[in-house]
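Colleague: 3D model of this:
(one chain, ligands or ions: 1)
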Amino acid sequence: MCPMRVLHGRAVQTGAGLFFGVRGCYATATIGAPAPPPHRLMDGYMDDLETLRAELITAVEDAPDLGALEEVRVTALGKKGRVTALMKSLGGMDPETRKAAGQEMNRVKDAIAAAIEARKGELEAAELDARLARERIDVTLSARPERAGSIHPISQTWDEVVAIFGQMGFAVAEGPDIEDDFHNFTALNFPPDHPAREMHDTFFLPQRPDGSRHLLRTHTSPVQVRTMIHQPPPIRILAPGRTYRSDSDMTHTPMFHQFEGLVIDETTHMGHLKGCLQEFVEAYFEVDDVPMRFRPSFFPFTEPSAEVDIRCSRKGGELRIGAGDDWLEILGCGMVHPNVLKACGIDPARYQGFAFGVGLERIAMLKYGIPDLRTFFESDLRWLRHYGFAALDVPTLHGGLGR
Ligand code: DAH
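Modeller: You can find the predicted model right below:
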């Protein structure tokens, strides 16, 4: 049998221009109804391709918007699209026919893709035109004001305290927020199981292989220990920082701030402590002659220990520092206990000194009339705008500390 009689060319008009196709010839009739020979397939294929091309190009050109265009694209060229489906029929052709048909197929595909791109450009331009017509910019509208940020009262107070003690020759010292038992308690003369530890309930980290547990420091006093271990006297440091306790109510927050002072030398005595604190209180509250009283107290790491009160008046609900006949407690202090010096490798027969610890929020509240401790940490911008400080108003003793 010689099924192929002749192959001759056929010109097909497409949207993308003329391309050249092939047309097979019919075999003479055979018995029964066998599958059509390859050239018969090719013939039908070309017709199908042309119909499909014309249909899809029309659909592309008629797509009213980008969504509809995308749908046409998927129907045409998608994985389950019509062009793809037709492509599968190439499998039944002999290699030579398949090659020619495949080329036609690709041309049709490219023509459809090009038509889609062109339509997409048109639709996008139309959409932009519509948007430009719809959205108008009012250039006469005044610009939104930019608000300057402000300094949180904690940072402000911190800077004020550092400025005051800096003037007295104190260097700022730092320690980690995560401490171990030795620095937070033992070296500060809190024996294990001593009831004084109960006042310092804090947050503990998971137990370590050696059985110890790190904790969030309950006070800034461990910085005393770290400094004395690393530096021989004379020592004069101020250690401001974050501290933690497992406490939360009107007057306690789980995280708060303290600053610690430590002075160690051969002849440092309580008179120096008193003079230093007097100087601090008057500079900080910006009041001359604030009467102070030292009330006996107890801290494991100082002996003797005292709590310091300052004169104030609360008449008419207004707090005034330095006047009146009330007392206000502001800090704890004392002479460093010989056991603390020993634990830090300092000879208590030769050296002695004083220490003090102050709550930063507390003195900020007193100076700036902030009634509720918890508001410091609520991050309410209205509160910050009200109580905050201008960023470039860095506190100095000569320039003024407060506002
Ligand atoms: N560490 C103490 C506390 O948090 C405060 C304190 C009191 C610190 C007396 C001192 C001091 O250095 O001498 O309760």
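
Colleague: which SS class is Arg213?
Modeller: Put simply, Arg213 is coil when judged by DSSP: H, G, I helix; E, B strand; the rest coil.

Colleague: now the phi/psi pair for Asp201, please.
Modeller: Backbone geometry at Asp201, expressed as degrees, to the nearest 10, gives phi -70, psi 130.

Colleague: helix, strand, or coil at Phe259?
Modeller: Relying on three-state DSSP, one would call Phe259 strand.

Colleague: is stretch 225-242 anywhere near the ligand?
Modeller: No. Using Cβ under 6 Å from any ligand atom, we find that stretch 225-242 stays clear of the ligand, coming within 9.3 Å at best. C-beta here means a position set from N, CA and C on the backbone, and glycine is covered the same way.

Colleague: tell me the mean pLDDT over that stretch?
Modeller: What stretch 225-242 shows for mean pLDDT is 98.

Colleague: name the residues of that stretch that come out as buried.
Modeller: 225-228, 233, 235-241 (16 or more other Cβ atoms under 10 Å).

Colleague: from the residues you listed, pick the one nearest the ligand.
Modeller: Ala239 (9.3 Å; Cβ to the nearest ligand atom).

Colleague: contact partners for that closest one?
Modeller: Listed by Cβ atoms under 8 Å, 6 or more residues apart in numbering, the contact set of Ala239 reads 172-175, 220, 223-224, 227, 259-262.

Colleague: which one of those residues has the most neighbours?
Modeller: In terms of neighbour count, Gln224 stands highest of the contacts of Ala239 at 29 neighbours, by other Cβ atoms under 10 Å.

Colleague: element containing the residue of the chain found nearest the ligand?
Modeller: Minimum separation of the chain from the ligand (Cβ to the nearest ligand atom) falls at Gly357, amounting to 2.3 Å. Using DSSP states H and E, Gly357 sits in strand 352-359.

Colleague: please name every helix or strand in contact with that strand.
Modeller: strand 255-265, helix 270-285, strand 302-313, strand 326-336 (3 or more Cβ pairs under 8 Å, 6 or more residues apart in numbering; DSSP states H and E).

Colleague: quick one: it to strand 326-336, angle?
Modeller: Counting by axes from the mean of the first three to the mean of the last three Cα atoms, to 10 degrees, strand 352-359 lies at 140 degrees to strand 326-336.

Colleague: mean confidence score for strand 352-359?
Modeller: Averaging pLDDT along strand 352-359 gives 98.

Colleague: which other residues reach that strand?
Modeller: 161, 219-221, 224, 233, 235, 256-270, 272-273, 276-277, 301-302, 308, 330-336, 341.

Colleague: the same query, at a cut-off of 6 Å, please.
Modeller: 224, 258-264, 268, 273, 331-333, 335-336 (Cβ atoms under 6 Å, 6 or more residues apart in numbering).

Colleague: now the helix or strand that that strand is followed by: buried residues?
Modeller: Using DSSP H and E, the helix or strand that follows strand 352-359 towards the C-terminus is helix 360-368. Under the neighbour-count criterion of 16+ other Cβ under 10 Å, helix 360-368 has 360-367 buried.

Colleague: tell me how far helix 360-368 is from the chain's mean position?
Modeller: Computed by Cα atoms, centre = their mean, to the nearest Å, the separation of helix 360-368 from the middle of its chain amounts to 28 Å.

Colleague: what about Glu127, how many residues nearby?
Modeller: 12.

Colleague: elements contacting the helix or strand that contains it?
Modeller: Here Glu127 sits within helix 95-134, counting by DSSP H and E. If you count contacts as 3 or more Cβ pairs under 6 Å, 6 or more residues apart in numbering; DSSP states H and E, helix 95-134 packs onto strand 17-23, helix 38-62, helix 66-77.

Colleague: got a markdown table for these, with mean pLDDT, distance to Leu319 and mean neighbour count too?
Modeller: As requested, these are exported to a markdown table (pLDDT from 0 to 100; distance: least, Cβ to Cβ, whole Å; neighbours: other Cβ atoms under 10 Å):
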| stretch | mean pLDDT | distance to Leu319 | mean neighbour count |
| --- | --- | --- | --- |
| strand 17-23 | 33 | 92 | 13 |
| helix 38-62 | 79 | 80 | 18 |
| helix 66-77 | 90 | 68 | 16 |
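
Colleague: wait, which of the ones you listed is closest to Lys109?
Modeller: helix 66-77 (6.7 Å; Cβ to Cβ).

Colleague: outside of the closest one, which residues touch it?
Modeller: Contacts of helix 66-77 (Cβ under 6 Å, 6+ apart): 56, 59-60, 63, 81, 83, 112, 116, 119, 123.

Colleague: chain center to that helix, what's the gap?
Modeller: Using Cα atoms, centre = their mean, the offset of helix 66-77 from its chain centre is 42 Å.

Colleague: same check, this time on stretch 202-215
Modeller: Distance, centroid of stretch 202-215 to centroid of chain: 28 Å (Cα atoms, centre = their mean).

Colleague: ends of it, what's the gap?
Modeller: For stretch 202-215, the first-to-last residue distance is 7 Å (Cα to Cα, to the nearest Å).

Colleague: then stretch 367-383?
Modeller: For stretch 367-383, the end-to-end distance is 16 Å (Cα to Cα).
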